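Trainee: Okay, sequence plus prediction incoming.
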Amino acid sequence: MFTLKALQKNKTVKYGVPMLLLVVGGSFGLREFTQLRYDAQTIRKKLDPSLEAKVNVQKQSVMLEEEYEKMKEVNLEEWKNIRGPRPWEDSREYQEQQRSRQKKD
């Protein structure tokens, strides 16, 4: 009887153990919920087999050497960095300003 009352008055047992159980149990619970989310996404993303075959063929046909040859042909000496409009700026007006600046250069 004495040990039970002593345990009830102990702050570690009263607050620490439930907190530890909550943190550890929450971790396992969150893992299960997130796993359900990813399982649902994979089920939803299933493609038609004929469409999937076309996608895979296109992915395999791109070769690194071909892309390198394309990049060699690009003239980077005349490339100019142009910033986009800020959220508070009117994008059409800003684009017109940029086009007029490019024509002057």
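Mentor: Here it is on my side, so go on.

Trainee: tell me the SS of Ile82?
Mentor: coil (DSSP: H, G, I helix; E, B strand; the rest coil).

Trainee: residue contacts, it?
Mentor: Shown in contact with Ile82 (Cβ atoms under 8 Å, 6 or more residues apart in numbering): Gln98, Gln102. Heads up, the C-betas are built off the backbone N, CA and C, glycines and all.

Trainee: Against Tyr15, how distant is it?
Mentor: Using Cβ to Cβ, to the nearest Å, Ile82 is found at 59 Å from Tyr15.

Trainee: So which helix or strand of this structure has the lowest pLDDT on average?
Mentor: None of the helices or strands of the chain scores lower by mean pLDDT, DSSP states H and E than helix 49-61, at a mean of 68.

Trainee: Can you name the element that comes right after it?
Mentor: Toward the C-terminus, helix 49-61 is succeeded by helix 64-73 as the next helix or strand (DSSP states H and E).

Trainee: Could I have the CA atoms of the very next helix or strand once past that next one written out in PDB?
Mentor: Next helix or strand after helix 64-73 toward the C-terminus (DSSP H and E): helix 91-104. The C-alpha trace of helix 91-104 is given here as PDB (Å, rounded to 0.1, in the frame of the first residue of the first chain):
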ATOM      1  CA  SER A  91       3.700  41.100 -64.900                       C
ATOM      2  CA  ARG A  92       2.500  42.300 -68.300                       C
ATOM      3  CA  GLU A  93       3.900  45.700 -67.800                       C
ATOM      4  CA  TYR A  94       7.200  44.300 -66.500                       C
ATOM      5  CA  GLN A  95       7.500  42.000 -69.500                       C
ATOM      6  CA  GLU A  96       7.000  44.900 -71.900                       C
ATOM      7  CA  GLN A  97       9.800  46.800 -70.100                       C
ATOM      8  CA  GLN A  98      12.100  43.800 -70.300                       C
ATOM      9  CA  ARG A  99      11.400  43.400 -74.100                       C
ATOM     10  CA  SER A 100      12.000  47.000 -74.800                       C
ATOM     11  CA  ARG A 101      15.300  46.800 -72.800                       C
ATOM     12  CA  GLN A 102      16.400  43.800 -74.800                       C
ATOM     13  CA  LYS A 103      15.700  45.500 -78.100                       C
ATOM     14  CA  LYS A 104      17.900  48.500 -77.000                       C
END
